[in-house]
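Asker: fold the following for me, if possible:
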Amino acid sequence: MLQIKAATYDDQLEWTGLVQSRIRFLIMNLERNQHIKLAHISIDTFQLPLTGEEQGTPWTLWFIGLEFDKSDNLNVDLTYDIQAFTDKCEYK
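Answerer: Numbers count the residues shown, from 1 in each chain. Below is the predicted model of the structure:
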């Protein structure tokens, strides 16, 4: 699951567009991993219903599905791919 949060709905709209473009690269990088058969992103985004102090703060969620090769004791390190994605999306 990938989630983003912004201060305003206008910021959220802009932020969502940036993240969606970066997600495509993340999926391509994940599919290059020799142990991943398929990486897929849900094309739908989901808005969280919030209560309390988070109410009024826009959040968006995407779900990423991964299908791995069948192997005993498979241990796949996705740290580099995820960190590269995070670095490209980080607001500086």
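
Asker: residue 39 contacts residue 76, doesn't it?
Answerer: No: the pair residue 39 and residue 76 does not pass the contact test of CB atoms under 8 Å, sitting 11.6 Å apart. Yep, even glycine has a C-beta here, placed from its N, CA and C like the rest.

Asker: neighbour-wise, which of the two wins?
Answerer: residue 39 (19 against 14; other CB atoms under 10 Å).

Asker: which residue packs closest to the more buried one, ignoring adjacent ones?
Answerer: residue 30 (3.9 Å; CB to CB, 6 or more residues apart in numbering).

Asker: looks to me like the one you found is in a helix.
Answerer: Yes: the secondary structure assignment for residue 30 places it in a helix, going by DSSP: H, G, I helix; E, B strand; the rest coil.

Asker: quick one: it from residue 86, how far?
Answerer: Note on residue 30: its distance to residue 86, by CB to CB, to the nearest Å, is 14 Å.

Asker: distance from the centroid: which residue in this structure tops it?
Answerer: Distance from the centre of the chain peaks at residue 72, with 27.3 Å (CA atoms, centre = their mean).

Asker: phi and psi next, for it.
Answerer: With angles defined as degrees, to the nearest 10, residue 72 shows backbone torsions of phi -70, psi 130.
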